[in-house]
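Enquirer: generate coordinates for the sequence data below:
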Amino acid sequence: MTLKQTLEVIDIIDNGFVTGADVAKIFEGFEFVETNVQTVNGEKGSTDFIKIIIRGTEGKLVGGNSRTMGIVGRLGGIGARPSRIGMVSDADGAVAAVSAALKLAEMSTKGDRLKGDVVITTHICPDAPTEPHYPVDFMGSPVDILTMNRHEITSDVDAILSIDTTKGNVIFNHKGIAISPTVKEGYILKFSPDLVRILSMTTGINPVTFAITTQDITPYGNDVYHVNSILQPAVATDVPVVGVAITTESAVPGCGTGASHEVDIAQAARYVIEVAKEFTGGTAEFYDAPEFEHLVNLYGSMKHLQTLGNKYEEK
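Expert: This is a model prediction of the structure:
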């Protein structure tokens, strides 16, 4: 299970002095794991992007053909110091992603390596800015969303799960986790039956999903409302992306402290691990490829929704 790993990761991340290097140290000594940390400066400070790769038994990194799973821990920052003391709710995406990586790393030493490679990315910033948002304040970030995507979305993955705290709204009224429809190349596709099945299996309840709008799959910076950044990875890649939202019944600010629920974070980590097992093993799909091709033939490309739009492209 993943609760133990989640508690260990929270203990490290809930620290005003934590760095990406501190997180990378968790993975020292694992034979099939490699990490990379890069500090990036922005207009509002700096953050440490971390990439964790767990090599599979038949993955591309060893010359195999198994697919690669991408897991992104999406957030603005893990803390809002000095205006807020402690780990903020927005940190849940990073905690879940790193916890999943730690569990996969430990599994790799116990005879339970996945077939394909898994690439986990997120960033560590204990003193990110906050920003106003309806109905509750969000966390900002020291770097812009395009910079995040450049460091968190890699070209070597075949599908992406984007984990994000999605509590700052009055629409999704469930405490736990929920998944989005699949997004690919500007299309919002139907829910993946495989991912819905795995969700129900791992949570032990009927599957909980959440709705997204066209606005949510367009890039930040185009002056339209986004529920949050959970589907922003979809603007930077052509592979299918599904959001894994950590949700609550009430609206919780992303910059709120004391608002992270360990069991819910562990549930998200457990879910993405199970999806990674099946996706890299070839028993789960994110979308119906022939149907997607048929959609494009009928209605054309929707890739313009992955851009900032005509007004901004003309500048």
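Enquirer: how far does the host helix or strand of Lys51 sit from its chain's centre?
Expert: Secondary structure from DSSP states H and E places Lys51 in strand 45-54. Distance of strand 45-54 from the chain centroid (Cα atoms, centre = their mean, to the nearest Å) equals 13 Å.
Enquirer: buried stuff in that strand?
Expert: Within strand 45-54, the residues scored as buried using 16 or more other Cβ atoms under 10 Å are 47-54. From N, CA and C alone the C-beta is placed, and that goes for glycine too.
Enquirer: ok, now stretch 154-167?
Expert: Using 16+ other Cβ under 10 Å as the burial criterion, the residues of stretch 154-167 that qualify are 154, 157-167.
Enquirer: my guess is Lys3 meets Val263, correct?
Expert: You called it Lys, but residue 3 is Leu. Yes. Using Cβ atoms under 8 Å, Leu3 is in contact with Val263, at 6.8 Å.
Enquirer: which one's more surrounded, those two?
Expert: Taking other Cβ atoms under 10 Å, Leu3 and Val263 do not tie; Leu3 has more neighbours (15 against 11).
Enquirer: quick check: closest non-adjacent residue to the more buried one.
Expert: Closest residue to Leu3 apart from its sequence neighbours, by Cβ to Cβ, 6 or more residues apart in numbering: Ala266 at 4.3 Å.
Enquirer: count of residues packed around that neighbour?
Expert: Neighbours around Ala266, by other Cβ under 10 Å: 24.
Enquirer: give the contact list for it.
Expert: 1-3, 5-6, 96, 99 (Cβ atoms under 8 Å, 6 or more residues apart in numbering).
Enquirer: Met302 now?
Expert: 185-187.
Enquirer: now render those residues as CSV, adding secondary structure, neighbour count and distance to Asp194.
Expert: What follows is those, written out as CSV (DSSP: H, G, I helix; E, B strand; the rest coil; neighbours: other Cβ atoms under 10 Å; distance: Cβ to Cβ, whole Å):
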residue, secondary structure, neighbour count, distance to Asp194
Glu185, coil, 20, 20
Gly186, coil, 19, 22
Tyr187, strand, 20, 18
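Enquirer: which residues of the stretch 201-315 of the chain fall in helices?
Expert: Using DSSP state H, counting those that start in this stretch, the helices of the stretch 201-315 of the chain run over 262-281, 289-299, 310-313.
Enquirer: just give me how far stretch 43-57 sits from the chain centre.
Expert: Relative to its parent chain, stretch 43-57 has a centroid offset of 12 Å by Cα atoms, centre = their mean.
Enquirer: cool, and stretch 130-147?
Expert: Centre to centre, stretch against its chain (Cα atoms, centre = their mean), the figure for stretch 130-147 is 16 Å.
Enquirer: that stretch - what's its average pLDDT?
Expert: The average of the pLDDT scores along stretch 130-147 is 86.
Enquirer: neighbouring contacts of it?
Expert: 40-47, 75-77, 80, 83-84, 88, 90, 125, 128-129, 148, 168-170, 219-221, 228-229, 232, 251-256.
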